[in-house]
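Asker: compute the structure for the input listed below.
(4 chains)
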There are 2 protein chains.
Amino acid sequence: MTPLSPPGNEPPEARVTIRDVARLAGVGIKTVSRVINGEPNVSEHTAVRVRQAITQLRWEPDIRARNLRRADGRTHTIGLLLGSVSNPFAAEMHRAIEDVAANRGYAVLASSHDDDPAREGTAMAAILGRRVDGVILMPIAASQAYLQTDIDRGLTVVCVDREPSGALIPSIRSDARVAASVATRHLIRRGHHRIALLHDDENIWTARERRYGYLDAMRFAGLEIDESLIVGGLSTPELSGAASDRLMRIQDPPTALVCGNNLITIGAVRTLQRLSLQHDIALVGIDDFDTADLIAPPITVVAQRPSQIGRLAADQLFAMIDGTLPRSGPPISVPTDLIERGSGEIGPGSSD
Amino acid sequence: MTPLSPPGNEPPEARVTIRDVARLAGVGIKTVSRVINGEPNVSEHTAVRVRQAITQLRWEPDIRARNLRRADGRTHTIGLLLGSVSNPFAAEMHRAIEDVAANRGYAVLASSHDDDPAREGTAMAAILGRRVDGVILMPIAASQAYLQTDIDRGLTVVCVDREPSGALIPSIRSDARVAASVATRHLIRRGHHRIALLHDDENIWTARERRYGYLDAMRFAGLEIDESLIVGGLSTPELSGAASDRLMRIQDPPTALVCGNNLITIGAVRTLQRLSLQHDIALVGIDDFDTADLIAPPITVVAQRPSQIGRLAADQLFAMIDGTLPRSGPPISVPTDLIERGSGEIGPGSSD
DNA sequence: GTTGCCCATGACAACGGTGTCAGAATCGTT
DNA sequence: AACGATTCTGACACCGTTGTCATGGGCAAC
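Answerer: All right, here's what the predicted structure looks like:
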């Protein structure tokens, strides 16, 4: 009675295997294997019969069983472990990685660890259990030493966005320290002295580095460093907004903000707008975002190049898998670009 | 000399199997299997020895081999095929799906088809070859009939964001027609007559539906429908911006815009700002985005609920896999929310 | 001291493919 | 006609795990 149920000539739920194909074609299973793998020494006559049987049964070989016996044991699948697949920066990298992978017949197993060190471990275990040929990791755990055993046994790993520690893994990333220093210097050059740094949790490599970069620029300019203007742990726009609010209410508030990533920038801008301070307080964000030019004032950023990072990471990973590149190496820095749009060019005079 | 190389007692590249564990523990392989699967009838003494051997060798069972023999044949992996993993709307759904999947020990194979019907086929083949237990698909091809054979053989599929056609697949999505109609009505209520619709390629289900919704609202209000105010095929912000620019230069330009998705909205806003018309032309976007409230004027949107769609889709998929829900069913609509922020409340008077 | 039962265990086949190898069929030489 | 070389083919073992089943030992009941 079900309208679209199959005509009944095909038993549903029946798995089609290479044996069914061989039987229908009247050959041995190995001959079927030869045909689908393009191995030589199959007569055209036989090959045609086999191919007919394959299409008739709509059979597709089981990649898992295939790789189980195959010499190289490749699964043609890579793992990707990011902070969150929904973060725009991460999603951009993801897309670039997928493009490289798809070109090489690879699929991508993607997951998120939410910058929780414990979840890096569990998510990685879930990935490794599926026997991927390589992993691209945005590290968050204090150490990646736990991967060393698998690396010694042939696992290929590349880190993105952040430096790993405790294991010999190459990484592709922006120079976070320089980026923060550029952002801070840009504000100093406009005459700001009291510059706040809003950044993420310090167990994230980029957050630590950005703090160093900020301090570099402040010290180089001979400016006093006020620890109360450095706020970490801002993992959501809400936390960033609340921190901005507090900063604006202290005795001698900052005249400029450096925001450590896209989410922090959004939270800070939201608060500045609520306090009607967006045209008085200068702001430079790290990470660009789609609508940065549409906000009033438009947001000046030190833009990273997420898709370039992703592409380079995937290229590196596959080169390592192919054996054309050693499985460890020095970190690779991808340039960042200062984009002046307005918010970073506000002088210190307006609010005081 | 390499600082972190292993002490050399472990031969690199050596695969550890259940046999190695069994040998070290002095038991049969089946006993090891019993221990890791929590099967009864293993003495505690033996179990401890086995567990010791496992940690000592750092062995992890091969999920592929495991599923090969297991009765149900589950891979505990699902496929996810979206327009693009980097689109904010899709990325949000992706994240919600991943959360549900991870909770159930499932991994997600994610890929993008860029709204290219041909790539839906190739990407799907890549996913199915890896023997996933289910697939969540944002359809783009004119028909999903090609999936019917696999569905009859036990494949579980759920569509998101769009209706499939040609196969009995349940779908979870917003009511795109109603959403567009709500957006249009909102503008009509403010007195607009000449309302433009900027939308995506019409082989995308949502784009077609949104056109219907727009027409519904216009007809219901008894307004004349000017086909030159309906522009489709806008797949990027650049195309949307250019189309907006053209619309603003025609004889009798529209006084309001309905934008069919997040990227279209961004392109249109960019053009309006460039022409300094953002406070004169009303605009309602479909899809919310992070910074919609920070733009001047803040963008009024009909917000979808991508994470709810993702969560429901994953719930549905797993219920179907578990057999607690039939593998086909009626589409499920997720509500949309009109959020008035300013851009949609501009009257028709200002520019004429 | 048997008998019967249950618990613990491992030998073996199986999953769906590929690698190895030996044998059959075809062909060209001498 | 006999030979070797080459092409084609399938039987069989194997990949790393789980399902099935037989076996042996311990223990309670008779």
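
Asker: just the helices in the stretch 201-350 of chain A please.
Answerer: Secondary structure of the stretch 201-350 of chain A (DSSP state H, counting those that start in this stretch): helices located at A:205-220, A:237-248, A:262-274, A:306-322.

Asker: buried ones in the helix or strand where A:Val50 lies, by neighbour count?
Answerer: In the assignment (DSSP states H and E), A:Val50 maps to helix A:44-57. By 16 or more other C-beta atoms under 10 Å in any protein chain shown, the buried positions in helix A:44-57 come out as A:Thr46, A:Ala47, A:Arg49, A:Val50, A:Ala53, A:Ile54, A:Leu57. All C-beta spots, glycine's among them, are computed from the backbone N, C-alpha and C.

Asker: next: stretch A:227-247.
Answerer: So for stretch A:227-247, counting by 16+ other C-beta under 10 Å, buried means A:229-232, A:234-235, A:237, A:239-241, A:243-245, A:247.

Asker: quick one: which of the residues you listed is nearest DNA strand D?
Answerer: A:Ser235 (37.4 Å; C-beta to the nearest atom of the strand).

Asker: give me phi/psi at that closest one?
Answerer: Main-chain dihedrals, A:Ser235, degrees, to the nearest 10: phi -90, psi -10.

Asker: what residues does the stretch 1-150 of chain A put near DNA strand D?
Answerer: Within reach of DNA strand D by C-beta under 7 Å from any atom of the strand, the stretch 1-150 of chain A has these residues: A:26-31, A:34, A:40-43, A:45-46, A:65, A:68-69.

Asker: dump the residue contacts of the closest residue to A:Ile225 other than its chain neighbours.
Answerer: Spatial nearest neighbour of A:Ile225, excluding adjacent residues (C-beta to C-beta, 6 or more residues apart in numbering or on different chains): A:Met218 at 5.4 Å. For A:Met218, the contact set (C-beta atoms under 8 Å, 6 or more residues apart in numbering or on different chains) comprises A:Thr184, A:Ile188, A:Ile195, A:Glu224, A:Ile225.

Asker: kindly recompute the last result at 10 Å.
Answerer: A:Ser181, A:Thr184, A:Arg185, A:Ile188, A:His193, A:Ile195, A:Leu197, A:Glu224, A:Ile225, A:Asp226, A:Leu229, A:Ile230 (C-beta atoms under 10 Å, 6 or more residues apart in numbering or on different chains).

Asker: per-residue pLDDT, it?
Answerer: In this prediction, A:Met218 carries a pLDDT score of 98.

Asker: quick check: the gap between it and DNA strand C.
Answerer: Relative to DNA strand C, A:Met218 is positioned 60 Å away (C-beta to the nearest atom of the strand, to the nearest Å).

Asker: please identify the buried residues of the lowest-mean-pLDDT helix or strand in chain A?
Answerer: Ranked by mean pLDDT, DSSP states H and E, the helix or strand of chain A with the weakest confidence is helix A:63-69, at a mean of 85. Counting neighbours by 16+ other C-beta under 10 Å, one finds that the buried residues in helix A:63-69 are A:Ile63, A:Arg64, A:Ala65, A:Arg66, A:Asn67.

Asker: near chain B, list only the ones from those.
Answerer: A:Ile63, A:Arg64, A:Ala65, A:Arg66, A:Asn67 (C-beta under 10 Å from any C-beta of the partner chain).

Asker: which of those residues lies closest to chain B?
Answerer: Among those, A:Arg64 lies closest to chain B (C-beta to the nearest C-beta), at 4.1 Å.

Asker: which residues of chain A lie near DNA strand C?
Answerer: Counting by C-beta under 7 Å from any atom of the strand, chain A sits next to DNA strand C at A:15-19, A:29-30, A:32-33, A:36-37, A:59, A:61-62, A:65-66, A:68-71.

Asker: now a ChimeraX select for only the buried ones of those.
Answerer: Command for ChimeraX, covering only those of these found buried under the criterion 16+ other C-beta under 10 Å:
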select /A:16,17,18,32,33,36,59,61,62,65,66
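
Asker: on that earlier part again, what about the helix holding A:Val50, distance to the chain center?
Answerer: Relative to its chain's centre, helix A:44-57 lies at 43 Å (C-alpha atoms, centre = their mean, to the nearest Å).

Asker: packing partners for it?
Answerer: helix A:18-25, helix A:29-36 (3 or more C-beta pairs under 10 Å, 6 or more residues apart in numbering or on different chains; DSSP states H and E).

Asker: can I get the ones you listed in JSON lines with mean pLDDT and distance to A:Ala313?
Answerer: Shown next, in JSON lines, are these (pLDDT from 0 to 100; distance: least, C-beta to C-beta, whole Å):
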{"stretch": "helix A:18-25", "mean pLDDT": "93", "distance to A:Ala313": "37"}
{"stretch": "helix A:29-36", "mean pLDDT": "93", "distance to A:Ala313": "33"}
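
Asker: mind putting these in TSV, distance to B:Gly134 included?
Answerer: Shown next, in TSV, are the helices and strands packed on helix A:44-57 (distance: least, C-beta to C-beta, whole Å):
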stretch	distance to B:Gly134
helix A:18-25	24
helix A:29-36	26
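
Asker: returning to that earlier point: state the pair within the residues of the stretch 1-150 of chain A next to DNA strand D that is farthest apart.
Answerer: Farthest-apart pair in these is A:His45 and A:Leu68; separation 30.9 Å (C-beta to C-beta).

Asker: grab the most central residue of chain A for me.
Answerer: For chain A, A:Ala90 is the residue whose C-alpha lies nearest the centre (C-alpha atoms, centre = their mean; 4.1 Å).
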